[in-house]
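*Asks:* okay, here's the prediction I keep looking at, along with the sequence it came from:
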Amino acid sequence: MARVLATGLPEGKTIADSDWVLWFSNVYDAWQLPPKPGGKSKGEGIVIAHPDVGYTTHPEIMRGGRLLIDQGRNYVDGEGRKPEDYLIGCFPFAFPSHGTKTAGTLMSGEGHPFTPPDPEFEKLYVWPYTETAWVTGVAPLAKVVPYKVGLSVVLEELNCAYIASAIYHAIGLQKTLDVGVMSISMGRPFGTIESSLQQALIDARDAGIVVCAAAAQTDELGGLAPTDLGYVAFPACDPNAIGCASCDFEHKPMRGAFYGPEVDITAPAVNVWSARTEMAPPLKYSVKGDGTGTSYAAAMVAGACALWQAHHGRANLIRDYTAAKILALFRTVLQRSCHKPDTWEEWDFANRGAGVLDVLALLEAPLPPASEL
């Protein structure tokens, strides 16, 4: 298929294709680029910290051993317990399987998890897995450390403190792992800021961890037009995070989403295919194409950041710019390389960031001199 010169769906592709967001954002073409000396492809070697509601044992995120469960932490259920999502959907404002959905967007391996067959892997699953669709993550060779910081994506003061703890834990993991990105698909709306997390974001920046955070939204079916929502949730509104807004396959804003001048970039986040586990019963692992929310935009951008760090070689970036400059470097290159849709108007550029994520252009973009940052 011919290379796409700007973001969008090439001829013959629709949102019925489970990998449409990869085509839309030029991820497949980005994978084909030879990495820089000392770099790697598809996010290999980069570790993404992922505070959320925990993980489920979905085959899309379990195969390959790249979900680093033993390195994660469970701040909700007690020290020493795995950061597992128990799918407690009856809890008010609970978001069961949310961490699985976003983790799949980040790092699920290429293609169907049971192709080719792997008897050792298949015997782990008591329930039959009959899905023919699949999820492929933006960075399918990156690793993810899961943190369970709540049951809801709406952050209270305690959850913010848990994410702050996750940041410091991730910084500690840098002694043995290349933790270079954090994906936060959670938020505290309406301008409320929690000081412990605000300080942790500064320390993440200084440690060279790029935090990508969702701008958040109300119910997208709630009847609110995008221009009615003048808020960007915390921590996405913080200058030490990359604020991520959402669009559909035509670059249009997602209804009900939050926008504002704090947004850095827009990424596809409407009708995204995602992996989820459902407490049916019986337990059911599935893949569905109705995932909508800025959660997916943050995961898309975080996955792209892992590709970018791997492509250039994280050690090279730290050597040439220092760890504390990696966030500023990524933001600069991200915004310079993004696609600026012809359909966008003045309001869009003022509230939806510099443009739409183009992963191929991001990896191809030259790095500015350190003096510019």
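*Replies:* Looks like it arrived, so ask away. Residues are numbered from 1 along each chain as shown.

*Asks:* is A49 in a helix, a strand, or coil?
*Replies:* At A49 the chain is in strand, as set by DSSP: H, G, I helix; E, B strand; the rest coil.

*Asks:* ok, it - contacts?
*Replies:* A49 is in contact with V144, V145, Y147, A166, I167, A170, L173, V179, V181, M182, S183, I209, counting by CB atoms under 8 Å, 6 or more residues apart in numbering. Where C-beta positions appear, they are placed from N, C-alpha and C, glycine not excepted.

*Asks:* can you do 7 Å?
*Replies:* Counting by CB atoms under 7 Å, 6 or more residues apart in numbering, A49 touches V145, Y147, A166, A170, V179, M182.

*Asks:* and the helices in this structure?
*Replies:* Assigned by DSSP state H, the helices in the chain fall at 20-24, 27-31, 59-62, 98-107, 119-122, 157-173, 195-206, 294-312, 314-321, 326-337, 346-351, 359-364.

*Asks:* out of the ones you listed, which is closest to A269?
*Replies:* Nearest of those to A269, taken as CB to CB: helix 294-312 at 4.0 Å.

*Asks:* which other helices and strands contact that closest one?
*Replies:* Helix 294-312 is packed against helix 98-107, strand 179-184, strand 210-214, strand 242-247, strand 265-268, helix 359-364, with contacts defined by 3 or more CB pairs under 7 Å, 6 or more residues apart in numbering; DSSP states H and E.

*Asks:* and the last one, how far out from the chain middle?
*Replies:* The one in question is helix 359-364. Relative to its chain's centre, helix 359-364 lies at 17 Å (CA atoms, centre = their mean, to the nearest Å).

*Asks:* also the third one?
*Replies:* Computed by CA atoms, centre = their mean, the chain-centroid distance of strand 210-214 equals 8 Å.

*Asks:* tell me the spacing between the closest residue in space to E372 that isn't next to it in sequence and A365.
*Replies:* Closest residue to E372 apart from its sequence neighbours, by CB to CB, 6 or more residues apart in numbering: T332 at 7.1 Å. With distances taken as CB to CB, to the nearest Å, T332 is found 9 Å from A365.

*Asks:* now for the closest residue in space to N240 that isn't next to it in sequence, how many residues are close by?
*Replies:* Excluding the flanking residues, the one nearest N240 by CB to CB, 6+ apart is L201, at 4.0 Å. The number of residues packed near L201 is 24, by other CB atoms under 10 Å.

*Asks:* ok, the spatially most central residue of the chain - contacts?
*Replies:* Geometric centre of the chain, nearest residue: A299, 1.2 Å, by CA atoms, centre = their mean. By CB under 7 Å, 6+ apart, the contact set of A299 is T102, T105, L106, S183, S185.

*Asks:* go through the helices of the chain and name the closest to F249.
*Replies:* helix 20-24 (6.2 Å).

*Asks:* in the chain, where is pLDDT below threshold?
*Replies:* Applying pLDDT under 70 to the chain flags residues 1-5, 89-93, 191, 219-230.

*Asks:* of the contacts of A299 - the most surrounded one?
*Replies:* Counting neighbours by other CB under 10 Å, the top entry in the contacts of A299 is T102, with 34 neighbours.

*Asks:* that older thread, tell me which two in the contacts of A299 are the farthest apart.
*Replies:* Of all the pairs that the contacts of A299 form, the one spanning the most space (CB to CB) is L106 and S185, at 9.7 Å.

*Asks:* tell me which residue of the protein is furthest from the middle?
*Replies:* Largest centroid distance in the chain under CA atoms, centre = their mean is P119 at 30.3 Å.

*Asks:* now do that residue against Y125, distance only.
*Replies:* Counting by CB to CB, the gap from P119 to Y125 is 11 Å.

*Asks:* next one: H50
*Replies:* For H50, the distance to Y125 equals 22 Å [CB to CB].

*Asks:* neighbour count: the two, which is higher?
*Replies:* More neighbours surround H50 than the other of H50 and Y125, with 30 against 16 (other CB under 10 Å).

*Asks:* list the residues that contact the more buried one.
*Replies:* The neighbours of H50, taking CB under 7 Å, 6+ apart as the test, are G99, A103, L106, V144, V145, P146, Y147, S183.

*Asks:* now do G137
*Replies:* By CB under 7 Å, 6+ apart, the contact list for G137 reads G104, T105, L106, M107, S108, G303.

*Asks:* do I163 as well
*Replies:* Taking CB under 7 Å, 6+ apart as the criterion, I163 is in contact with P51, V149, I184, L197.

*Asks:* going by distance to T292, which of the residues you listed wins?
*Replies:* If you rank the contacts of I163 by distance to T292 using CB to CB, I184 comes first, at 17.9 Å.
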